[in-house]
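Colleague: Dropping the sequence and predicted coords here.
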There are 2 protein chains.
Amino acid sequence: MKDINSEIAYKFIRKRILDGKYPPGYPLMTEDLAKVTGVSRTPVRDALRQLETDGLVSIRPNRGARVKQVDLNEFREMCELRLALETYAAGLAARNRTPVELQEMRACLARMQECTDRLLASKEEPQEVLEKLLIEDIRFHVAIISSAKNRLLKKEVLRLHVINRVVAGPMPGRADQEVGKGKNRRAAIQKCHDAIYHAIERGDVQAARATMEEHIQDIIDNFIKVMAQTEAPLDERTLSEEELSYLT
Amino acid sequence: MKDINSEIAYKFIRKRILDGKYPPGYPLMTEDLAKVTGVSRTPVRDALRQLETDGLVSIRPNRGARVKQVDLNEFREMCELRLALETYAAGLAARNRTPVELQEMRACLARMQECTDRLLASKEEPQEVLEKLLIEDIRFHVAIISSAKNRLLKKEVLRLHVINRVVAGPMPGRADQEVGKGKNRRAAIQKCHDAIYHAIERGDVQAARATMEEHIQDIIDNFIKVMAQTEAPLDERTLSEEELSYLT
DNA sequence: ACAAATCAACATGTATACTTTTTGTTTGAT
DNA sequence: ATCAAACAAAAAGTATACATGTTGATTTGT
């Protein structure tokens, strides 16, 4: 991010958080991290601050840093943010997309269709295909956000996706959660994607928004369902007051 | 924010940025700030990082920090973000608002109406009334965001408002820009606010969104118009690559 | 005289010693 | 035996000295 050494620390810690080696709640002590990363405490602290703004770490004054734990309420809030941003982005994409971006989306759709077909054909659900499907799904969504031509919007959405990923756990085992389990569901998702694509292609802002909103809402509902039965909700309340400081 | 001393520095610098004493582009040198704030460079650096995540300061590696300058493109992007978030928030508010929150909104509307009436009556436009109008306007919007019951969303919107405020310059002189100049325009805004309120009151999600979107879009259009004739656009490009790091 | 390279100054980035705060344990009184 | 207060260990926060990089001016070569 900023400097050579703090960037080393940043990348190091971030990687481990995304890998799941530092799971949510894991205490991140500056001295230990300094030893492990080979830099001093100062750049480690910088890195932790940066990770805090990424939403991956929470720092409490005089009490150190931990890998962020997201309780169910905060998760809901993050989902609503995604919904607001990605829906709006789809509308922008319908206005601003270029031919090559449309081509990219079509390519993603085709590759996803291929994966889906393969899954429908075989009785088992090979992990490898599921993961490929997930990757293409992400690509598709990123292509749309990119077409919106708004870097801030894109950055924010990607940030939320990354946090989501940490909450959900590491890559292997995520695929079936996100891509959907039943064959019906998978077919439905494919249909959704098609609808979104066509709305964007014909420049229909309202339709792009509506279809995207429905799609994301569906993903989120499914995700929360899976999450609620898996995890025990953990909390970490910090009451606001930003409203007050805002007018002073 | 975090620690005692870095919080001192944070508040100190933030205040001056919002006051306009440190205008956009102003170089923020750690040593100078350390002297002025009475703390050492370390907490000053922390404060600058925090301000960077607030979007008020930009830090470039090995080249120091400056008060953030927003070029016209980035400003447009921020506006689109606001549009996405506040529009969605209005929809949530229509679902989640409580009676006392509705009361608060009505109170704001009444006070704004009073201001508007006073302005329509007198020939001049006393600065004091304009500022009161602006304050009530902000209160109204904050009340809506609060009713959405989403702290993340609210925090993000307030963050954008603060940046907007810095871009627009200090309080005196802003009022006429934001509140609108002509009497027609002011009446139109009042109508917009009423429409938004009624949609939220009757729990009409779609109408709340639609009216809010129209309203914010109108504010933004006006703002950009004023801004474009006032300022020469300045740039500060940093090419992304976050898309790449996202999949690794 | 102008361009490029060099050097000096200055600001940022880093390491480390020092201070303060937190946290858990021991000890003492009821 | 229980609770509380004092204390000790450890980690965060802070200050400062040192290293590294940037900037702009001076010098040198063509």
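Modeller: It's in.

Colleague: How about residue A:30, nearest residue that isn't a chain neighbour?
Modeller: residue A:41 (4.5 Å; CB to CB, 6 or more residues apart in numbering or on different chains). To be clear about C-beta, it is placed using only N, CA and C from the backbone, and glycine gets the same treatment.

Colleague: how much space between the residue of chain A found nearest DNA strand D and residue A:224?
Modeller: Proximity to DNA strand D, evaluated over chain A using CB to the nearest atom of the strand, is greatest for residue A:64 at 3.2 Å. Taking CB to CB, to the nearest Å as the criterion, residue A:64 is separated from residue A:224 by 30 Å.

Colleague: Could you do residue A:104 as well?
Modeller: Distance from residue A:104 to residue A:224, by CB to CB: 30 Å.

Colleague: tell me the centre residue of chain A?
Modeller: Most central in chain A under CA atoms, centre = their mean is residue A:161, positioned 1.0 Å from the mean C-alpha point.

Colleague: Okay, and that one sits in which element?
Modeller: Element membership of residue A:161, judged by DSSP states H and E, is helix A:151-168.

Colleague: what's in contact with that helix?
Modeller: Applying CB atoms under 8 Å, 6 or more residues apart in numbering or on different chains, the set of residues contacting helix A:151-168 from outside is A:17-18, A:20, A:24, A:54-56, A:67-68, A:70, A:75, A:78, A:81-82, A:85-86, A:88-89, A:92, A:138, A:142, A:145-146, A:148, A:174, A:177-178, A:223, A:227, B:74, B:77-78, B:80-81, B:84, B:156, B:240, B:242-243, B:246.

Colleague: what does chain A put close to DNA strand D?
Modeller: For chain A, the residues in contact with DNA strand D (CB under 7 Å from any atom of the strand) are A:4, A:27-31, A:41-42, A:45, A:59, A:61-65.

Colleague: try 10 Å
Modeller: Proximity of chain A to DNA strand D, by CB under 10 Å from any atom of the strand, involves residues A:3-5, A:27-34, A:40-42, A:44-45, A:48-49, A:59-66.

Colleague: give me the subset of those touching DNA strand C.
Modeller: Taking CB under 10 Å from any atom of the strand as the test, DNA strand C is in contact with A:3-5, A:30-31, A:34, A:40-42, A:44-45, A:60-64 out of the residues of chain A next to DNA strand D.

Colleague: among those residues, who's most crowded?
Modeller: residue A:44 (28 neighbours; other CB atoms under 10 Å in any protein chain shown).

Colleague: Please state the offset of whichever strand or helix holds that residue from the chain centre?
Modeller: Remark: residue A:44 resides in helix A:41-54, with elements defined by DSSP H and E. Once both centres are worked out by CA atoms, centre = their mean, to the nearest Å, helix A:41-54 turns out to sit 21 Å from its chain's centre.

Colleague: Over to stretch A:54-74?
Modeller: The offset between the C-alpha centroid of stretch A:54-74 and the centroid of the whole chain comes to 17 Å, using CA atoms, centre = their mean.

Colleague: so does that stretch get close to chain B?
Modeller: Yes - counting by CB under 8 Å from any CB of the partner chain, chain B has neighbours in stretch A:54-74: A:59, A:61, A:62, A:74.

Colleague: And the strands in chain A?
Modeller: When secondary structure is read from DSSP state E, chain A shows strands at A:27-28, A:57-60, A:64-67.

Colleague: Arrange those strands in TSV, one row each, with distance to residue A:113 as further columns.
Modeller: Conversion of the strands of chain A to TSV gives the following (distance: least, CB to CB, whole Å):
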stretch	distance to residue A:113
strand A:27-28	42
strand A:57-60	39
strand A:64-67	37
